[in-house]
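[1] need coordinates for the following:
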Amino acid sequence: MANPRLENTPDNGDHESSSAPDNDDWRSSYRDVMAISEFRSVWLAHALSMIGTNLLNIATSVLVFQVTGSALAAGVTLALTFLPPIISPLIAGLADLFPRRRVMISCDLVRALVIVPIGIPGMPIWAVWILLFCSVVPSIPFSAARAAMMAEIVQGERYVASTAIIQLTTQIGILSGLVAGGVIVTFAGPNITVMSTGLLFVLSALIVLMGVKARPSPRAEAEGGPGFLVMTRDGAKLVFSDPRLRTLALMAWLAGLYGIPFGLANPMAAEVGAGPTATGFLMAGPSMGAFLGGLVLTRVIAPPTRMRLLGPLAVLSSVPLLVWLADPPLWLMVTSLALCGVAASYQFVANAAFVLCVPKEGRGLAFGLVAAGLQAAQGVGILIAGFFAEQFGTGIVIATVGALGVLCALLLAVPWSRMAGETIERMNATEEPA
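    A predicted model of the protein is given here:
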């Protein structure tokens with residue numbers, strides 16, 4: 001199957017904005033994308049979901065840490081927000097089996113129903129963990145459906161721009177949810193904060209319902225396509241048998257290492273005598289950097305150059321964690337995590353490259369499988385790090401993770417340096433008529 005072109009994709013008449021801007025106009029694609037009404041609806045729904053997710057994360061982790069006083073328990077709480085993909089990655093395929101708009105709406109409503117009981121005062125910690133786990137499961141098909149739908153609404157370099165806008169919005173949502181969440185929890189308490197997040201998911205579902213056009217599922221369009229298990233098998237084979245897709249997936253999963261400080265934010269703040277507000281800033285630090293880095297990477301640096309920067313940036317994303325060898329103060333912790341986020345903005349480009357290089361009919365499942373692996377890597381990393389932090393403190397754990405992250409990234413950066421040019425050519429290949 002022909003691949004969408006990164007730049008200068010001809011308009012085939014199927015999408016409101018399927019043609020990409022000329023090479024000289026690639027910076028203007030942000031404005032072009034925001035002019036598409038369907039994209040604005042998807043974007044706004046995503047922003048509300050991200051704010052709600054991160055309000056939930058910080059409020060629940062603070063609630064558990066206040067009750068237990070345990071770094072491990074706090075780590076388990078945050079790890080549970082990443083672990084559902086380990087046992088349920090197959091549900092990502094729902095984005096290819098059912099209409100994607102319906103999948104997004106249903107997932108938001110289910111999350112709202114599950115979240116509200118978490119904030120009930122006196123809820124046992126084990127029940128909080130179960131409900132929190134269940135609240136994350138719908139986010140897997142939601143993300144897969146959103147990513148696949150985006151490729152139907154916009155194409156070419158505008159798809160890269162749309163992905164960058166979504167990723168930048170993700171960082172803003174994380175910042176808003178975590179920083180504001182830390183303050184709100186301080187004054188309103190974690191229980192009320194948790195229960196209020198359910199409303200944000202209901203609002204997100206309403207925006208998608210009213211602002212996004214209904215489309216048939218890819219399976220319906222294929223007139224009796226393969227079954228669910230066959231799709232899952234073929235999706236995994238597609239991702240891991242292609243060296244380019246495999247390398248991009250593994251680069252995404254590096255977040256399982258450099259993202260570990262997110263899960264240790266509560267004990268880190270406690271070790272320096274700070275409270276929930278400081279926890280919010282520590283958790284939001286990487287997003288502060290990712291927002292700035294992503295803006296520069298997608299707005300200032302030309303597409304071919306940023307593709308070649310994936311490897312070096314992946315290596316640099318873990319380097320700032322080595323600062324923990326020197327027992328840094330709080331301000332330096334936040335600064336170092338922000339620098340991690342600046343380098344980790346390579347994920348914006350890797351995400352778009354991955355989706356554009358996957359055949360249309362398998363995009364939802366392929367993206368969902370990689371997203372599931374990413375969340376699983378982050379969850380397992382936080383869980384293991386929480387255990388060792390309980391024994392040895394956060395400093396040595398984070399520094400060790402930083403060194404391991406640099407090593408793993410180097411092993412991926414070397415082969416990627418040989419694949420970047422081929423990937424650019426493949427993404428720039430003119431789409432031939434069916």
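[2] and D242, how many neighbours does it have?
    The number of residues packed near D242 is 15, by other CB atoms under 10 Å. (Glycine included, C-beta is placed from N, CA and C.)
[3] what sits against it?
    In this structure, D242 makes contact with C357, judged by CB atoms under 8 Å, 6 or more residues apart in numbering.
[4] ok, now N54?
    Applying CB under 8 Å, 6+ apart, one finds that N54 lies in contact with G173, I174, S176, G177, L178, G181, M283.
[5] one more pass at 6 Å, please.
    Taking CB atoms under 6 Å, 6 or more residues apart in numbering as the criterion, N54 is in contact with I174, G177, L178.
[6] give me the pLDDT value at the nearest residue to it once chain neighbours are set aside.
    Leaving out its chain neighbours, the residue that sits closest to N54 by CB to CB, 6 or more residues apart in numbering is G177, at 2.7 Å. pLDDT recorded at G177 is 72.
[7] show me what stretch 198-217 is in contact with.
    So stretch 198-217 is in contact with 38, 41, 44-45, 48-49, 52, 97-99, 101, 104-105, 108-109, 111-112, 115-116, going by CB under 6 Å, 6+ apart.
[8] was I right to think G280 contacts G182?
    Yes. Look at G280 against G182 with CB atoms under 6 Å: they come within range, at 2.4 Å.
[9] so what sits against both of these two?
    I58.
[10] and the residue nearest to M149 when sequence neighbours are not counted, how far is that from M333?
    Once flanking residues are discounted, M149 sits nearest to R100: 4.5 Å by CB to CB, 6+ apart. As for R100, its distance to M333 is 40 Å (criterion: CB to CB, to the nearest Å).
[11] compare those two (neighbour count), which wins?
    Set side by side, R100 and M333 give different neighbour counts by other CB under 10 Å, the larger being at R100 (29 against 26).
[12] show me the contacts for the more buried one.
    Contacts of R100 were listed using CB under 6 Å, 6+ apart, and they are A145, A148, M149.
[13] separation between it and A290?
    Separation of R100 from A290 (CB to CB) stands at 26 Å.
[14] next: L200.
    When CB to CB is the yardstick, L200 and A290 sit 21 Å from each other.
[15] what segments of the stretch 301-434 of the chain are helices?
    303-308, 310-316, 330-344, 346-357, 363-392, 394-428 (DSSP state H, counting those that start in this stretch).
[16] got a markdown table for the ones you listed, with distance to G189 too?
    Below are those laid out as a markdown table (distance: least, CB to CB, whole Å):
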| stretch | distance to G189 |
| --- | --- |
| helix 303-308 | 43 |
| helix 310-316 | 39 |
| helix 330-344 | 23 |
| helix 346-357 | 34 |
| helix 363-392 | 24 |
| helix 394-428 | 26 |
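[17] quick check: which of those helices is buried the most?
    Greatest average neighbour count among the helices of the stretch 301-434 of the chain goes to helix 346-357 (a mean of 24), per mean count of other CB atoms under 10 Å.
[18] alpha carbons only: can I get it in CSV?
    Once side chains and other backbone atoms are set aside, the C-alpha atoms of helix 346-357 remain, and they are given as CSV (Å, rounded to 0.1, in the frame of the first residue of the first chain):
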residue,chain,number,x,y,z
TYR,A,346,11.5,13.4,19.8
GLN,A,347,8.4,11.3,20.6
PHE,A,348,6.3,13.8,18.7
VAL,A,349,8.2,13.0,15.5
ALA,A,350,8.5,9.3,16.2
ASN,A,351,4.8,9.0,16.8
ALA,A,352,3.8,10.7,13.5
ALA,A,353,6.5,8.7,11.5
PHE,A,354,5.2,5.4,12.9
VAL,A,355,1.5,6.1,12.1
LEU,A,356,2.3,7.3,8.6
CYS,A,357,4.4,4.3,7.8
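[19] now do that helix, average pLDDT.
    78.
[20] show me what it is packed against.
    With contacts taken as 3 or more CB pairs under 6 Å, 6 or more residues apart in numbering; DSSP states H and E, helix 346-357 sits against helix 156-175, helix 243-253, helix 310-316.
[21] contacts for the following helix or strand past the longest one?
    Following the chain from helix 156-175 toward its C-terminal end, the next helix or strand by DSSP states H and E is helix 181-188. Contacts to helix 181-188, defined as CB under 6 Å, 6+ apart, come from residues L55, I58, A59, V62, T193, P276, T277, T279, G280.
[22] which stretches of the stretch 101-250 of the chain have low pLDDT?
    In the predicted model of the stretch 101-250 of the chain, residues 155-157, 217-236, 238 satisfy pLDDT under 70.
[23] which stretches in it count as helices?
    Listed in chain order, the helices of the stretch 101-250 of the chain (DSSP H, counting those that start in this stretch) span 125-136, 139-153, 156-175, 181-188, 190-211, 218-221, 228-241, 243-253.
[24] looking at those, which is closest to L297?
    Comparison of the helices of the stretch 101-250 of the chain against L297 by CB to CB identifies helix 156-175 as nearest, at 7.9 Å.
[25] contacting residues around G395?
    Contacts here follow CB under 6 Å, 6+ apart; on that basis G395 touches W324, D327.
[26] read off the pLDDT value for it.
    At G395 the predicted local distance difference test score is 88.
[27] out of the contacts of R100, which one sits closest to F354?
    Distance ranking of the contacts of R100 against F354, using CB to CB, places A148 first at 12.2 Å.
[28] run through the residues that contact L109.
    Each residue near L109 by CB under 6 Å, 6+ apart is listed here: A205.
[29] looking at the helices of the stretch 301-434 of the chain, which is nearest to V128?
    That would be, of the helices of the stretch 301-434 of the chain and by CB to CB, helix 363-392, which comes in at 16.1 Å.
[30] now that closest one against helix 139-153, angle please.
    Between helix 363-392 and helix 139-153, the angle comes out at 140 degrees (axes from the mean of the first three to the mean of the last three CA atoms, to 10 degrees).
[31] chain center to helix 363-392, what's the gap?
    For helix 363-392, the gap between its own C-alpha mean and the chain's C-alpha mean amounts to 12 Å (CA atoms, centre = their mean, to the nearest Å).
[32] what do you get for stretch 399-413?
    Stretch 399-413 sits 20 Å away from the centroid of its parent chain (CA atoms, centre = their mean).
[33] same question for that stretch, mean pLDDT?
    Averaging pLDDT along stretch 399-413 gives 93.
[34] again with stretch 262-279
    According to the model, stretch 262-279 has a mean pLDDT of 81.
[35] what lies in contact with that stretch?
    Taking contacts as CB under 6 Å, 6+ apart, the residues outside stretch 262-279 that touch it are 61-62, 65, 71, 74-75, 78, 182-183, 185-186, 282-283, 330, 382, 389, 394.
[36] re the thing from before, for L356, which of the helices of the stretch 101-250 of the chain is the nearest?
    It's helix 156-175; of the helices of the stretch 101-250 of the chain, that one is closest to L356 (CB to CB) at 6.4 Å.
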